[in-house]
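Enquirer: with the input below, show me the fold.
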Amino acid sequence: MILNMAALALTTVASSPSPYLNPLLQFTNGSMVTTSEQWESRRAEVSALVQSTFLGTMPTGPPPELVSHTIINSTFAGDGVLCTFIELTFDTSAGGTLKTVSMPIEILSTVDHPGAPTILRPVFMTQWNHRQWSVYAVSRGYIGVVYPASDAKDAAPLFQKAFPKATFALIAARAYVASRCLDFLMKCWPGVDGAKVAVSGHSRNGKQSLVFAAFDTRVTAVVGSSPGAPIAAPYHFTSSNFYGEGPRTGGVTCVGAKWWLCSSLQYAGHPELMPMDGHGIVGMIAPRACAIATGRQDQASDMVFAGEQNIKESAKVYALLDASQYPLNIYRPGQHHGFDDITTYFDFFDHAFDRLSSYGQAMERTGVQTHASLLRWYRTYLTAAGFDWDVFNSTSTFNRTPPNRSTPIAHRIKWLLALGSDVGGELGTFSMGATYGEESEGSSYIPPMMGHTVSSGLSQQAFSFGDYLNGEIYWRNVANQNDSPRPAVIWLHPYSYNTGYSPSYGQAKMHEMLAQAGFVTMAFDQIGFGLRNNQGGNRFYGQHGGNASLFGHMVKDTMAAVDFLTCRSAFRNNASMCSQHGYAVSNAGIDRIPIVDLSKIYVVGYSLGGNVALHTAALDSRIAAVASFAGFTPFRNDTNDRSTGGIKRLYDLHALIPNLGLFAENLDEIPYDYDDVLGEIAPRPTLIYSPTEDRDATHADVTACVNDARKAWGAKGELLVQLSPDSVTKMEIIEANAAVAWLKTLSTM
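Expert: So this is what the prediction gives:
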């Protein structure tokens, strides 16, 4: 029942480094897994890899024997619920340091009437600080178990001390504690239905719940509630350019209690080099019931895209084992904490254990309302994780003939991005003011939830623009602020699917820093990200087919942002100039925004945002200067076998530019490259910040591209600046200061 944790000497990886997750159905020698018997062997490999890469090794040999269990206290808590505190003692002498380890456990259960036959009940296990979840479990007919493997009460350090030869870090050690508690339940507690054991926990407890289920096959159903990286949100998709919880930025890898092996720090900035990521844990749980629950705007880790990529790869194992209904995701609105609906988790458990009411079963049989809608959980893909370029290419109708090299660069860009020829940065359609609630009601709850609030000395104003988009503008408070126009910056965020432009895990709060530096700063969530993360992926292409692209839409939205800044400045007193329909509405809130100097509208972006910034500047001459941080690598050199993932990263992984997929076998035929984009921006001031260890770029190619483009600046070649620090991709205080310093040099030009 308990998987032997002996580490295997695995030194090779089946596939080359790639931004895609390590294939679970492929052995380290490259052969494929095609049968359930082969999966058992591969599962042992995966187990060894997750242990050696980040978990640490579990104790080997038989589990420590339970030598005693003593009831400490037993009380009734209303409605016939018995709360029993028990001290468990295990013989750990085999480890060589501690003879025994003792720990408390609480069991909550309904007391059967005297003389009545024992009723077998499913078990629900959770950690000490989620005790109320176990109380609720009893109301749903479960035996509730609270075990000591959390910050509130933790027996894991004792087991780590007892087994010094095992390298298991804290999260794995807590999962080990859970298994020892389950030993007791199975052996000693009456009424336990051993075929129905469920576990759940939130955040770090969600991590260990999934690890527990992976290494102890007696667990038959698990919900990881906002588990984060790397277990539910693999490190592949939580590096700094995702605003995620990477090995370094999480701050818990080799610090304090040490959640993970110190050696996993080597993958900070380059998670594509990992022999195995957290999706291996979910794959090991197959074919048992498994779900990952997350808030759509969870800032504790990039959960939506990363979690969906995990589910997408793990589902292949489940399908092989004839359990294709799992794994599932359970979405809720909001942040890491709040809106947690554990009733849904128990709905999931009840369905897995065939405990639905007769009404629920009837609804499933009739098809009037399936369990997916009735219980509000299902497998779905909000993000580009569910995009399939091959299906898109075979089913979509669009112009597949690229313009030739003699046509203007702008036309070639618009073709590749599926932008209509009428998109040229002219004043467009956008809301003028508080016609509904974007600038009033939204400002009371969205900024606190998303972390958009700012420090003293700064002001902010919500607004709407473009095709019913919402954003915020930030500025520094000064006396007589409208006496002279100010420079403005549009800030564009990276691949931060959960948080949009709100940073996390040590990344700089760029919208605030730019405002403090004196710039009127505009920020918004790009389509498919942050508050708009349900607008991308398959939903977007289901609406548009091949007639639009997510990346093109981002460029269009950024142009609309320039429109807004233009109208709120030069034409601020003439509403009819700033609305497609000429509506004259109250601008009371918007009029707080300082006047913008139209000759000093700048765009700054990081990673994805840096790429959008360059393309927008190439198409919109109103942008006076542009800065791109880790924004690109040349198309025509970026083959799909590279560790960057090649252009497939753009046309498939993130579903940004599907038209690029037409050139996967012949990159030389791509209609333009970044030297052309930079040439269109020339001679405007441009900053290319290209760290040498950017996981999404080949630095030598970026430098060669910049050098080729420099001739477009002619005598003003100094206006094209390239900075190449010896670092991985990130947008922390050093990078933020570099952006501010460069922007301030523009005031002297």
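
Enquirer: now the farthest one out in the protein, which residue is it?
Expert: Farthest-out residue of the chain from its mean C-alpha position, per C-alpha atoms, centre = their mean: residue 115, at 53.3 Å.

Enquirer: so which helix or strand takes in it?
Expert: Under DSSP states H and E, no helix or strand contains residue 115.

Enquirer: looking at it now. What's its pLDDT?
Expert: With respect to pLDDT, residue 115 scores 72.

Enquirer: likewise residue 319?
Expert: Predicted confidence (pLDDT) for residue 319: 96.

Enquirer: and it, how far is that from residue 391?
Expert: 17 Å (C-beta to C-beta, to the nearest Å). Using the backbone N, CA and C atoms, a C-beta is placed for each residue, glycine as well.

Enquirer: more neighbours, these two?
Expert: residue 319 (15 against 11; other C-beta atoms under 10 Å).

Enquirer: gap between the more buried one and residue 313?
Expert: 11 Å.

Enquirer: which residue ranges of the stretch 101-250 of the chain form strands?
Expert: 121-127, 143-147, 192-202, 221-225 (DSSP state E, counting those that start in this stretch).

Enquirer: could you dump those strands to JSON lines with mean neighbour count and distance to residue 99?
Expert: JSON lines is the format used below for the strands of the stretch 101-250 of the chain (neighbours: other C-beta atoms under 10 Å; distance: least, C-beta to C-beta, whole Å):
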{"stretch": "strand 121-127", "mean neighbour count": "27", "distance to residue 99": "26"}
{"stretch": "strand 143-147", "mean neighbour count": "27", "distance to residue 99": "22"}
{"stretch": "strand 192-202", "mean neighbour count": "23", "distance to residue 99": "29"}
{"stretch": "strand 221-225", "mean neighbour count": "29", "distance to residue 99": "33"}
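
Enquirer: closest to residue 247 out of these?
Expert: Closest to residue 247 of these is strand 221-225 (C-beta to C-beta; 19.2 Å).

Enquirer: same for the next helix or strand after that closest one, what does it pack against?
Expert: Proceeding N to C from strand 221-225, the next assigned helix or strand is helix 279-285, under DSSP H and E. When contacts are defined as 3 or more C-beta pairs under 8 Å, 6 or more residues apart in numbering; DSSP states H and E, helix 279-285 sits against helix 36-50, helix 204-215, helix 304-320.

Enquirer: can you list the weak-confidence ranges in the stretch 1-150 of the chain?
Expert: For the stretch 1-150 of the chain, the stretches flagged by pLDDT under 70 are 1-16.

Enquirer: do that again at 80, thanks
Expert: 1-17, 77-80, 111-118 (pLDDT under 80).

Enquirer: where along it do the helices fall?
Expert: Applying DSSP state H, counting those that start in this stretch to the stretch 1-150 of the chain gives helices spanning 36-50, 131-139.

Enquirer: over to the stretch 601-749 of the chain?
Expert: Under DSSP H, counting those that start in this stretch, the stretch 601-749 of the chain gives helices at 608-619, 648, 674-681, 699-709, 733-745.

Enquirer: just checking, which helix or strand of the protein averages the lowest pLDDT?
Expert: Least confident helix or strand of the chain, by mean pLDDT, DSSP states H and E, is helix 371-374 with a mean of 45.

Enquirer: which helix or strand lies directly C-terminal to that one?
Expert: Per DSSP H and E, the helix or strand that comes after helix 371-374 is helix 389-395.

Enquirer: just the C-alpha atoms of that following helix, please, in PDB.
Expert: Only the C-alpha atoms of helix 389-395 are listed here, as PDB (Å, rounded to 0.1, in the frame of the first residue of the first chain):
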ATOM      1  CA  TRP A 389      -2.900  24.500 -32.700                       C
ATOM      2  CA  ASP A 390      -3.300  21.400 -34.900                       C
ATOM      3  CA  VAL A 391      -7.100  21.500 -34.400                       C
ATOM      4  CA  PHE A 392      -7.100  25.200 -34.900                       C
ATOM      5  CA  ASN A 393      -5.100  24.900 -38.100                       C
ATOM      6  CA  SER A 394      -7.300  22.200 -39.600                       C
ATOM      7  CA  THR A 395     -10.600  23.800 -38.800                       C
END
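
Enquirer: how much distance is there from it to the middle of the chain?
Expert: Mean-position distance between helix 389-395 and its chain equals 25 Å (C-alpha atoms, centre = their mean, to the nearest Å).

Enquirer: which neighbouring elements make contact with the helix or strand just after it?
Expert: On the C-terminal side of helix 389-395, the closest following helix or strand by DSSP H and E is helix 409-416. For helix 409-416, the elements it packs on are helix 608-619, helix 674-681, judged by 3+ C-beta pairs under 8 Å, 6+ apart.

Enquirer: how about the ones you listed in TSV, adding mean pLDDT and mean neighbour count?
Expert: Converted to TSV, the helices and strands packed on helix 409-416 look like this (pLDDT from 0 to 100; neighbours: other C-beta atoms under 10 Å):
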stretch	mean pLDDT	mean neighbour count
helix 608-619	98	27
helix 674-681	98	22
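
Enquirer: quick one: which of these is nearest residue 666?
Expert: Across the helices and strands packed on helix 409-416, closest to residue 666 is helix 674-681 (C-beta to C-beta), at 17.6 Å.

Enquirer: starting at the chain centroid, how far to that closest one?
Expert: 31 Å.

Enquirer: show residues contacting stretch 180-193.
Expert: Here stretch 180-193 makes contact (C-beta atoms under 8 Å, 6 or more residues apart in numbering) with 63-64, 66, 69, 86, 88, 90, 103, 105, 107, 109, 112, 118-123, 125, 143, 145, 147, 159, 194, 197, 216, 218-219.

Enquirer: again, but for stretch 248-259
Expert: Contacts for stretch 248-259 (C-beta under 8 Å, 6+ apart): 169-171, 204, 207, 229, 240, 247, 260-262, 264-265, 268-269, 505-507.

Enquirer: emit the ChimeraX select command for whichever of the residues you listed are buried.
Expert: Buried subset of the contacts of stretch 248-259, written as a ChimeraX selection, criterion 16 or more other C-beta atoms under 10 Å:
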select :169,170,171,204,207,229,240,247,260,261,264,268,269,505,506,507
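
Enquirer: state the number of residues packed around residue 455.
Expert: Neighbours around residue 455, by other C-beta under 10 Å: 9.

Enquirer: and the pLDDT for it?
Expert: 81.

Enquirer: the nearest residue to it once chain neighbours are set aside sits in which helix or strand?
Expert: Once flanking residues are discounted, residue 455 sits nearest to residue 512: 6.7 Å by C-beta to C-beta, 6 or more residues apart in numbering. Element membership for residue 512 (DSSP H and E) is helix 510-516.

Enquirer: average pLDDT across that helix?
Expert: Helix 510-516 comes out at a mean pLDDT of 96.

Enquirer: got it, and stretch 700-718?
Expert: 97.

Enquirer: can you list contacts of that stretch?
Expert: Here stretch 700-718 has contacts from 632-634, 637-638, 673-675, 678-679, 682-683, 688, 690, 694, 719-720, 722, 724, using C-beta under 8 Å, 6+ apart.
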